[in-house]
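Enquirer: Okay, sequence plus prediction incoming.
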Amino acid sequence: MTQEAHVTQGPLTTEAGAPVADNQNSETAGVGGPVLVQDQLLLEKLAHFNRERIPERVVHARGAGAYGTFTVTADVTKYTRAAFLSEVGKETEVFLRFSTVAGNLGAADAVRDPRGFAVKFYTEEGNYDLVGNNTPVFFIRDAIKFPDFIHTQKRDPYTGSQEADNVFDFWGLSPESTHQVTWLFGDRGIPASYRHMDGFGSHTYQWNNEAGEAFWVKYHFKTDQGIKNLTAEEAEVLAGKDPDSHQRDLREAIERGEFPSWTVSVQIMPVAEAATYRFNPFDLTKVWPHADYPLIEFGKLELNRNPENIFAEVEQSIFSPAHFVPGIGPSPDKMLQGRLFAYGDAHRYRVGINADHLPVNRPHATEARTHSRDGHLYDGRHKGAKNYEPNSFGGPFQTDRALWQPVALNGVTGETVTPVHAEDNDFVQAGNLYRLMTEDEKERLVNNLANAISGVTRDDIAERAINNFRQADEDFGKRLEAAVQALRG
Ligand code: HEM
């Protein structure tokens, strides 16, 4: 649908529906006199305007969304009993919101930053949200570090700008970030558009089948448009010329009928293999090499409909990693566990307690049957139904079947470090990634990083940051050190 289709007919009215006589001149006491309080239209317009904004997302504030269809292309019922994955050819409506991470609502799209890739599957068993990124890994592995990390990506409390000192201080002191930072400053760090990048669930999740068997899975969305990136120089120009470049590209492609699509796969690890796998499978700073766990293709995701109203459907959309459906559940990944709390909490603050009643957020293929009631902007949907359970009036009832399978545990409580497996360290996969790159790619990576690090004002911070890359690969560190020295003089 294009904008021309949205024409409202009839006379202009107030919020209460009364016709408006004059929308150009406010009412005064005599010609040229002061304005009257009885001009309700004026007061209503000014008051409503003052309240147009809701708090922007604390991260991923800048984004664009579209509706589409997910289609099952291969049988995965031996791994999961999720109803929307129950047969080949089955289609499920989706809404996908892409985003950048660090920029505020008005920031430019063409910047070096991970991209959010948040998918809402409107399944018949409730909405399943997969809130991922365009990168398979992340900077940290424990949610307790997330607010500190994001503070270094956002504006400094004194200067009001993003500061290279803060960014590289945190990364230098958090060596587990080396893999993701190597990825981010490489060619894929600035996608050409939202259509030309892959998506990842990133975390490990649980799938479980009818028989009660559980599997650990990682999701991959491979772009059918092909990967296309911008160089640092191209991005600098585009970000200035068209700050909305990604958003515009997505909307216009869908308007042209060029529907972007992604081929969807999972890596599957039998639960019994997790304890002895060479990497900790619940450490979000690591990938599972495809040689160990190959991609199993099972679906196609296509975006084919633009939202009609950006505020209602994109700004107010909410995605939560805690929105699971039967057959899919969390893993013990400490980052994921923190996220299971953080998103619902953010939604209650940002959109309100009835956020999940909004058209974009509510289930589309079933209905929500809860005993929660009232709160801001409650629309009375439950009419006079009893609001407690158990009850003797035939209301909704519990199923006695958990969505996911229990996980075996041992040990005592404590503030514990993520367990280290045989080949785990903070640098091994960053080094592998570097060594996979062509000479040109290495050159661009080193230059991009050197340019960023050369903005650091303290030698110790710059040196510590460089040292992490040296530990990933001696050549990487040596070249980076030389490039930074050349730039800093
Ligand atoms: C413990 C670590 C993390 C915490 C506490 C956290 C917290 C948040 C919060 C509070 C929001 C804003 C939600 C809203 O206002 O609607 C958000 C957005 C988002 N986060 Fe995270 N995040 C974490 C890690 C991650 C990771 C690892 C990924 C990807 C793999 C990710 C992907 C996203 C995406 C895509 C959005 C935007 C969702 C949308 O489009 O509405 N986050 N995060």
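Expert: That came through, no problem. Since this is a predicted model, take the numbers as computed values, not measurements.
Enquirer: May I have the secondary structure class of the residue minimising distance to the centre of the chain?
Expert: Geometric centre of the chain, nearest residue: residue 116, 3.6 Å, by CA atoms, centre = their mean. State at residue 116, reduced to three classes by DSSP: H, G, I helix; E, B strand; the rest coil: strand.
Enquirer: and it, what is it in contact with?
Expert: With contact set as CB atoms under 8 Å, 6 or more residues apart in numbering, residue 116 has these partners: 60, 63, 97-101, 131-134. C-beta: built from backbone N, CA, C; applies to glycine.
Enquirer: what kind of secondary structure is residue 264 in?
Expert: Taking three-state DSSP as the rule, one finds residue 264 in the strand state.
Enquirer: what residues go with each domain of the chain?
Expert: For the chain, automatic domain parsing gives the domain ranges 63-139+191-357, 145-173+427-489.
Enquirer: sorry, back to before: keep only those of the contacts of residue 116 that are in strands.
Expert: Taking DSSP state E, the ones among those that sit in strands are 63, 97-100, 131-133.
Enquirer: Just give the nearest non-adjacent residue to the residue in the chain that the ligand sits nearest to, would you?
Expert: At 2.7 Å from the ligand, residue 116 is the closest residue in the chain, using CB to the nearest ligand atom. Of all residues not flanking residue 116 in the chain, residue 99 sits nearest, at 3.6 Å (CB to CB, 6 or more residues apart in numbering).
Enquirer: The one you found contacts residue 62, doesn't it?
Expert: Yes - if you go by CB atoms under 8 Å, residue 99 and residue 62 touch, sitting 6.0 Å apart.
Enquirer: residues contacting residue 124?
Expert: Contacts of residue 124 (CB under 8 Å, 6+ apart): 83-84, 365-366.
Enquirer: Keep those residues, but drop any that are not near the ligand.
Expert: Filtering the contacts of residue 124 for proximity to the ligand by CB under 6 Å from any ligand atom leaves nothing.
Enquirer: Most neighbours among the residues you listed, which one?
Expert: Counting neighbours by other CB atoms under 10 Å, residue 84 comes out on top of the contacts of residue 124 with 25 neighbours.
Enquirer: For my notes, confirm it occurs in a helix.
Expert: Yes - counting by three-state DSSP, one finds residue 84 located in a helix.
Enquirer: Can you give me the separation between it and residue 243?
Expert: 36 Å (CB to CB, to the nearest Å).
Enquirer: now the chain, which segments are flagged as low pLDDT?
Expert: Across the chain, the ranges flagged by pLDDT under 70 are 1-2, 4-5.
Enquirer: For the residue lying closest to residue 329 once chain neighbours are set aside, list the residues it contacts.
Expert: Nearest-residue entry for residue 329: residue 404, 2.4 Å, with adjacent residues in sequence omitted and distances by CB to CB, 6+ apart. With contact set as CB under 8 Å, 6+ apart, residue 404 has these partners: 206, 208, 214, 324, 327-330.
Enquirer: In strands, which of the residues you listed appear?
Expert: Checking the contacts of residue 404 against DSSP E, those in strands are 206, 208, 214, 328-329.
Enquirer: Contact residues of the stretch 301-450 of the chain facing the ligand?
Expert: Applying CB under 6 Å from any ligand atom, one finds that the stretch 301-450 of the chain approaches the ligand through 317-319, 335, 338-339, 342-343, 346-347, 350.
Enquirer: of all these, which two lie farthest apart?
Expert: 317 and 335 (22.2 Å; CB to CB).
Enquirer: Just confirm residue 170 is within a helix.
Expert: Yes - counting by three-state DSSP, residue 170 is located in a helix.
Enquirer: Go ahead and confirm it touches residue 149.
Expert: Yes - counting by CB under 8 Å, residue 170 sits close enough to residue 149 to count as a contact (6.1 Å).
Enquirer: the more surrounded of those two?
Expert: It is residue 170, of residue 170 and residue 149, that has more neighbours when counted by other CB under 10 Å, with 21 against 18.
Enquirer: ok so residue 420 is a helix residue?
Expert: No - assessed with three-state DSSP, residue 420 is coil; it does not lie in a helix.
Enquirer: would you list every one of the helices in the chain?
Expert: Here the chain has its helices, by DSSP state H, at 40-50, 146-153, 164-173, 178-184, 232-241, 245-255, 310, 334-350, 428-436, 439-453, 459-472, 474-488.
Enquirer: so what's residue 428 up against?
Expert: Contacts of residue 428 (CB under 8 Å, 6+ apart): residue 472.
Enquirer: picking that back up, go through the helices of the chain and pick out the most buried.
Expert: helix 178-184 (a mean of 25; mean count of other CB atoms under 10 Å).
Enquirer: So is that one next to the ligand?
Expert: No - Helix 178-184 does not reach the ligand (CB under 6 Å from any ligand atom); its nearest approach is 9.7 Å.
Enquirer: Quick one: list the elements packing against that helix.
Expert: Secondary-structure packing of helix 178-184 (3 or more CB pairs under 8 Å, 6 or more residues apart in numbering; DSSP states H and E): helix 428-436, helix 459-472.
Enquirer: can you list the residues that contact it?
Expert: Contacts of helix 178-184 (CB under 8 Å, 6+ apart): 112-114, 135, 137-139, 171, 189, 285-286, 426-427, 429-430, 433-434, 445, 449, 468-469, 471-472, 476.
Enquirer: ok, back up a step: is there a quick PyMOL command that grabs whichever of the ones in strands among the contacts of residue 116 are buried?
Expert: Applying 16 or more other CB atoms under 10 Å to the ones in strands among the contacts of residue 116, the buried members can be selected in PyMOL as follows:
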select buried, resi 63+97+98+99+100+131+132+133
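Enquirer: Settle this for me: residue 238 is touching residue 110, isn't it.
Expert: Yes - with contact defined as CB under 8 Å, residue 238 counts as touching residue 110 (4.2 Å).
Enquirer: Now do the shared contacts for these two.
Expert: With CB under 8 Å, 6+ apart as the test, residue 238 and residue 110 both reach 230, 245.
Enquirer: Test my guess that residue 176 contacts residue 137.
Expert: No - in this structure, residue 176 is not within contact of residue 137 by CB under 8 Å, at 9.6 Å.
Enquirer: Residues that sit against both of these two, list them.
Expert: The contact lists of residue 176 and residue 137 share residue 285, where a contact means CB under 8 Å, 6+ apart.
Enquirer: In contact with residue 457: list those residues for me.
Expert: Contacts of residue 457 by CB under 8 Å, 6+ apart are 164-165.
Enquirer: redo that, cut-off 7 Å
Expert: Residues in contact with residue 457 (CB atoms under 7 Å, 6 or more residues apart in numbering) are residue 165.
Enquirer: for it, phi and psi?
Expert: phi -90, psi -20 (degrees, to the nearest 10).
Enquirer: Next up, the contacts around the closest residue to residue 244 other than its chain neighbours.
Expert: Leaving aside its sequence neighbours, residue 244 sits nearest to residue 109 (CB to CB, 6+ apart; 6.3 Å). Contact analysis of residue 109 by CB under 7 Å, 6+ apart lists 100, 243-247.
Enquirer: Then residue 93?
Expert: By CB under 7 Å, 6+ apart, the neighbours of residue 93 are 67, 69, 122, 364-365.
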